[in-house]
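Colleague: sequence isn't available, so here's the structure alone:
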């Protein structure tokens, strides 16, 4: 048993702390998974994560996730979606969209593709 | 790669589908973890989970989590908290509070204690 005091994490307060797009910020660790906040705007790159499912929970706004092998899906605030491991996808947001992700710790935002939009996988806020 | 179509999960719609208190309903699976919705009202039992951290994300309302070895914490809509594995805790809600949990698949709501408030760990909605 730990004496460490658990403390609340306010999602809106954490969102206020950064403005960059496509740069996930870790806000909580649970077992070997992490919750991350991301601000999406524009088109991301096509990619997949071979070793983790990924959950997108929309906090503010609306976005689309395009899938290489199935239909594009729109998710809006109060909705979430699970992208299974190995499934090629591309997030797109016409207007800024604030999303909370859950994925395995150490996951790289650009997955198997890399490139200019790759962000550090260990950026806590 | 899967051809299965990922589909949005609307949290409010899922909450409308049940009314029982203290009875977690699974809404999503990610790797070996599950998101569950729970409606809290009143006092739960003191318990701990020896093999999983647990995240509480408050969707509607407000609740307290009492900790055996540290201060009571109040969390309200838009806030979340991580209860580490092995930490004895007790959720309390004066008024009905709607919460989304993340924990390892198969976790029993009453942890190491059991008793009348134990709910099935595999109840999808």
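Modeller: Nice, thanks for sending it over. Being a predicted model, the structure only gives us computed values, none of them experimental.

Colleague: residue A:98 contacts residue A:62, correct?
Modeller: No - Residue A:98 sits out of contact with residue A:62 when judged by CB atoms under 8 Å, with a separation of 10.4 Å. In short, each C-beta sits where N, CA and C put it, glycine included.

Colleague: out of these two, which sits in the more crowded spot?
Modeller: It is residue A:98, of residue A:98 and residue A:62, that has more neighbours when counted by other CB atoms under 10 Å in any protein chain shown, with 20 against 15.

Colleague: which elements pack onto the host helix or strand of the more buried one?
Modeller: Element membership for residue A:98 (DSSP states H and E) is strand A:89-104. Strand A:89-104 is packed against strand A:33-43, strand A:54-60, strand A:62-67, with contacts defined by 3 or more CB pairs under 8 Å, 6 or more residues apart in numbering or on different chains; DSSP states H and E.

Colleague: which of these sits closest to residue A:117?
Modeller: Of all the helices and strands packed on strand A:89-104, it is strand A:33-43 that lies closest to residue A:117, at 9.8 Å by CB to CB.

Colleague: strands paired with that closest one, and their directions?
Modeller: Strand pairing for strand A:33-43, using DSSP bridges, gives strand A:25-30 (antiparallel), strand A:89-104 (antiparallel).

Colleague: need the ones you listed in TSV with mean pLDDT, can you?
Modeller: Below are those laid out as TSV (pLDDT from 0 to 100):
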stretch	mean pLDDT
strand A:25-30	98
strand A:89-104	98
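
Colleague: out of those, the one nearest residue B:67 is which?
Modeller: Among the strands paired with strand A:33-43, the nearest to residue B:67 by CB to CB is strand A:25-30 (16.9 Å).

Colleague: contact partners of that closest one?
Modeller: Residues from elsewhere that reach strand A:25-30 (CB atoms under 8 Å, 6 or more residues apart in numbering or on different chains): A:9, A:11, A:14, A:17-18, A:34-38, A:100, A:105, A:122-125, B:33, B:53-55, B:80, B:82, B:102-103.

Colleague: against residue B:16, how distant is the spatially most central residue of chain A?
Modeller: By CA atoms, centre = their mean, chain A has its centre lying nearest to residue A:101, at 3.5 Å. Plainly put, residue A:101 is 25 Å away from residue B:16 if you go by CB to CB, to the nearest Å.

Colleague: for residue A:33, name its beta-bridge partners.
Modeller: The partner residues for residue A:33, given DSSP bridges, come to residue A:30, residue A:104.

Colleague: whether the helix or strand where residue A:75 lies contacts chain B - can you check?
Modeller: Assigned by DSSP H and E, residue A:75 belongs to strand A:70-76. Yes - using CB under 8 Å from any CB of the partner chain, strand A:70-76 reaches chain B at A:70-71, A:73-75.

Colleague: buried ones in that strand?
Modeller: Neighbour counts over strand A:70-76 (16 or more other CB atoms under 10 Å in any protein chain shown) mark A:70, A:73, A:75 as buried.
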